[in-house]
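>>> this is the structure alone, sequence omitted:
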């Protein structure tokens, strides 16, 4: 039901769906509307096909709404820019004009850097044979992330942005679960029982 609400479905009267723990007539009407919109058998039941279509629709909506790494509004735009600066430096060194493949590589490096916990990208390097690209963060302890160059240049910045969002979502879920729980304080017992 939350997926239907996320996709903008309402009950038969046009009211927003609310989670109440019951699969009543309001939810059924929203399921039927979803089934009609997605050319499914309209039976008001969330069987395997309807559930699969719901999951795909939510995933597509998320993909469509993802802010790209190369967009100033993206929370990791600075990391992407650092990667792009490094990739463009490599391009200049080898006499190559930066293009979409440069942007794709920078986006893939930004995702890999974030997944490896880098806070910034100080340098981008290629392996000797060029099959791998590395993002380096210098400091007390040097940190590194790498990608397969051929795969990274074929992965669009949009696809990398979706991967970033998915990785960020996973990290947030793990962070939420891993938060320490407050330790209950002992309740003072009455003296002299």
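Good, I have the coordinates. Since we're looking at a predicted model, the values are computed, not measured.
>>> quick check: domain ranges of this structure?
Taking automatic domain parsing as the criterion, the chain consists of the domains 2-65, 77-176.
>>> so how far is the last one off the chain centroid?
To tie it back to what came earlier, the one meant is domain 77-176. 16 Å (Cα atoms, centre = their mean, to the nearest Å).
>>> hey, least reliable of the domains of the chain by pLDDT?
Ranked by mean pLDDT, those bottom out at domain 2-65, with a mean of 80.
>>> check the separation of the first and last residues in stretch 116-133.
14 Å (Cα to Cα, to the nearest Å).
>>> out of the domains of the chain, deepest packed?
domain 77-176 (a mean of 17; mean count of other Cβ atoms under 10 Å). The way it works is simple: take the backbone N, C-alpha and C, and place the C-beta from them, glycine included.
>>> how far away is the residue sitting nearest the centre point of the chain from residue 107?
Nearest to the geometric centre of the chain sits residue 165, at 1.6 Å (Cα atoms, centre = their mean). Distance, residue 165 to residue 107, by Cβ to Cβ, to the nearest Å: 12 Å.
>>> just residue 96 next, same as before
From residue 96 to residue 107 the distance is 18 Å (Cβ to Cβ).
>>> re earlier: isn't the residue nearest to the centre of the chain up against residue 68?
No - counting by Cβ atoms under 8 Å, residue 165 does not reach residue 68; the two are 10.1 Å apart.
>>> just checking, what packs against the helix or strand containing residue 50?
Here residue 50 sits within helix 48-65, counting by DSSP states H and E. Packing contacts for helix 48-65, counted by 3 or more Cβ pairs under 8 Å, 6 or more residues apart in numbering; DSSP states H and E, involve helix 2-6, helix 25-37, helix 157-178.
>>> quick one: which of those helices is nearest residue 83?
Proximity to residue 83, assessed across the helices and strands packed on helix 48-65 by Cβ to Cβ, is greatest for helix 157-178 (10.2 Å).
>>> so who does the closest residue to residue 26 other than its chain neighbours touch?
Leaving aside its sequence neighbours, residue 26 sits nearest to residue 11 (Cβ to Cβ, 6 or more residues apart in numbering; 3.6 Å). By Cβ atoms under 8 Å, 6 or more residues apart in numbering, residue 11 lies in contact with 17, 25, 26, 27, 29, 30.
>>> skip the chain neighbours and tell me the closest residue to the last one.
Once flanking residues are discounted, residue 30 sits nearest to residue 9: 4.2 Å by Cβ to Cβ, 6+ apart.
>>> so the one you found touches residue 32, yeah?
No - the pair residue 9 / residue 32 is not scored as a contact, 9.8 Å apart, by Cβ under 8 Å.
>>> which residues touch the residue nearest to residue 30?
17, 30, 33, 34.
>>> from residue 115, how far out is residue 164?
Using Cβ to Cβ, we find residue 164 at a distance of 9 Å from residue 115.
>>> next: residue 94.
Applying Cβ to Cβ to residue 94 and residue 115 gives a distance of 27 Å.
>>> before we move on, what about residue 7?
Here residue 7 is placed at a distance of 29 Å from residue 115 (Cβ to Cβ).
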